[in-house]
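> Next one to model:
(one chain, ligands or ions: 2)
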Amino acid sequence: MSVDLDHIQTVYAEADCLFPEAQVEAAIDRVAAEITEVLASTNPLVYTVMNGGLVFAGKLLTRLNFPLESSYLHATRYRNTTSGGELDWKVPPAQDMKGRTVLIVDDILDEGHTLAAIVDFCKAQGVEQVLTAVLVDKLHDRKARENMKSDFTGLDVEDRYLFGYGMDYQGYWRNAPGIFALKGA
Ligand SMILES: O=P(O)(O)OC[C@H]1O[C@H](OP(=O)(O)OP(=O)(O)O)[C@H](O)[C@@H]1O
Ligand code: HPA
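Ligands and ions are numbered 1, 2, ... in the order given. Coordinates of the predicted model:
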């Protein structure tokens with residue numbers, strides 16, 4: 001599929017910046033401190049959810065100054081569109097997690113189907129405990145499970161379509177240096 005790069009540029013130019021880089025980095029500092037407090041002595045296995053979790057995980061991991069193992073899984077539900085469908089496990093977790101403390105790191109808790117399925121998968125593998133960390137939690141009442149929250153949350157964000165810091169618009173702007181909301185969405 002060909003991409004209209006003029007449209008991609010216009011989307012960025014017209015978007016609202018909800019959280020500039022400095023605010024996002026401060027939130028990551030705080031989340032790293034909270035995770036350190038809870039997990040520093042647990043020898044955790046930290047799973048990044050590709051693709052969206054890449055930027056948050058990269059920034060988070062260098063702030064976690066204790067022994068941990070890092071791996072990744074790839075699950076997608078949006079496939080470069082702005083509304084979610086069935087979860088597609090492109091790369092399931094490869095490392096044995098039985099008996100381990102597992103931390104799942106992703107960019108966004110939106111409706112929560114992605115994180116719920118990953119958490120269920122980890123529990124079925126017999127983990128000791130599974131915790132979740134997201135950069136943003138989108139505030140609305142469409143969560144997959146009632147009162148669903150991640151264990152560690154960077155920023156609460158209004159109910160608009162977001163991009164930046166790992167989150168994409170049609171596969172673009174994961175690299176945007178802040179949390180942006182689409183104009184009119
Ligand atoms: O809470 P949910 O409504 O399930 O949505 C959150 C998920 O959606 C995005 O992934 P996406 O399927 O877009 O794949 P990507 O990571 O490759 O962008 C995001 O990275 C989360 O994993
Ligand atoms: O608002 C969003 N932006 C980008 N990716 C997403 N995946 C779920 N919600 C979003």
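> how about the residues of the protein near ligand 1?
Taking C-beta under 6 Å from any ligand atom as the criterion, the chain approaches ligand 1 at residues 49, 51-52, 76-78, 84, 106-114, 168. No exception for glycine: its C-beta is placed from N, CA and C like everyone else's.
> Restrict the residues you listed to the buried ones and give me that as a ChimeraX selection.
In ChimeraX, this line selects whichever of the residues of the chain next to ligand 1 come out buried by 16 or more other C-beta atoms under 10 Å:
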select :49,51,52,76,77,84,106,107,108,109,110,111,112,113,114,168
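> Bridging across strands, which residues link to Asp88?
Beta-bridge partners recorded for Asp88 (DSSP bridges): Thr76.
> okay, now it: neighbour count?
11 (other C-beta atoms under 10 Å).
> Now do it against ligand 2, distance only.
To ligand 2, Asp88 is 13 Å away according to C-beta to the nearest ligand atom, to the nearest Å.
> List the contacts of that residue.
75-77, 79 (C-beta atoms under 8 Å, 6 or more residues apart in numbering).
> re earlier: and the residues of the chain next to ligand 1 near ligand 2, which?
Within these, those near ligand 2 by C-beta under 6 Å from any ligand atom are 78, 108, 110, 168.
> Please give the element, helix or strand, for the residue nearest to the second one when sequence neighbours are not counted.
For Ile108, the nearest residue in space outside its immediate sequence neighbours is Val136; the separation is 5.0 Å by C-beta to C-beta, 6 or more residues apart in numbering. For Val136, the enclosing helix or strand under DSSP states H and E is strand 129-138.
> Can you check the pLDDT for the residue in the chain that ligand 1 sits nearest to?
Nearest to ligand 1 in the chain, going by C-beta to the nearest ligand atom, is Gly52, at a distance of 2.4 Å. Model confidence at Gly52, given as pLDDT, is 97.
> Pull up the residues of this protein that are close to ligand 2.
78, 108, 110, 161-163, 167-168.
> ok, so of those, who is nearest Phe152?
Closest approach between these and Phe152, by C-beta to C-beta: Ile108, at 13.3 Å.
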